[in-house]
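Coordinates only, no sequence provided:
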């Protein structure tokens, strides 16, 4: 027969066990997804996510990583006491991105229920200077033949944009720009001519146009075709 002291000790252990197991951190956040709508390429989208430790033990953020280098997260604290609030600021640089974008931030925590927490930033990145078409395909072109293509440049922004001198990455390409200044909503035409000197093979290059907009320092238009004798 067990003594009263042993029984008391066992009773205290049984009562204390749930309290010990309950002393855990708990990551809690109201909004983990941010839809930034539509922005122009080159803009930087910033979002601050606030979260708290709703548990009874310190919450530790062991590691923070993002789905790409274009999104930079900054954590206000690595260890959050029970009941305290912390923040993580995320900045998405939209330069060279177009269309629908979803960027994810991963927080590795010591919360046994949520070892990895995902935060997302999503939206549409629109072209500031829209190019139509977005690339030039001359198709099959004979050596020495002259082929021309036209590209429309349209300013979708709210400020005037200056266009600099056209640069060409291939010696067999020539280009003429219709206007060097684009008012908001205005358009101009870029005419690109290819006169291949090679006998056969791939014709590939870029038309590069510097701009005055800090978010879009240059426009790069791919040009390609296949040269035959």
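Happy to help now that I have it. These figures come from a predicted structure and were not determined experimentally.

following the helix or strand of the chain with the lowest mean pLDDT, which helix or strand shows up next?
The least trusted helix or strand in the chain, going by mean pLDDT, DSSP states H and E, turns out to be helix 4-22, with a mean of 53. Following the chain from helix 4-22 toward its C-terminal end, the next helix or strand by DSSP states H and E is strand 27-29.

what residues does that next one touch?
Contacts of strand 27-29 from elsewhere in the structure, counted by Cβ atoms under 8 Å, 6 or more residues apart in numbering, are 49-54, 59, 107, 109, 111, 113-114, 117, 119. (Each C-beta comes from the backbone N, C-alpha and C, glycine too.)

Rounded mean pLDDT for the next helix or strand after that strand, please.
Taking DSSP H and E as the definition, the helix or strand that follows strand 27-29 towards the C-terminus is strand 33-40. The average pLDDT for strand 33-40 rounds to 96.

what's the answer for stretch 146-154, then?
In this model, stretch 146-154 carries a mean pLDDT of 96.

quick one: buried residues of that stretch?
Taking 16 or more other Cβ atoms under 10 Å as the basis for neighbour counts, the residues of stretch 146-154 that come out buried are 147, 149, 151, 153-154.

Work out the gap between it and the centre of the chain.
Relative to its chain's centre, stretch 146-154 lies at 30 Å (Cα atoms, centre = their mean, to the nearest Å).

same check, this time on stretch 133-147
When C-alpha coordinates are averaged (Cα atoms, centre = their mean), stretch 133-147 and its chain have centres 33 Å apart.
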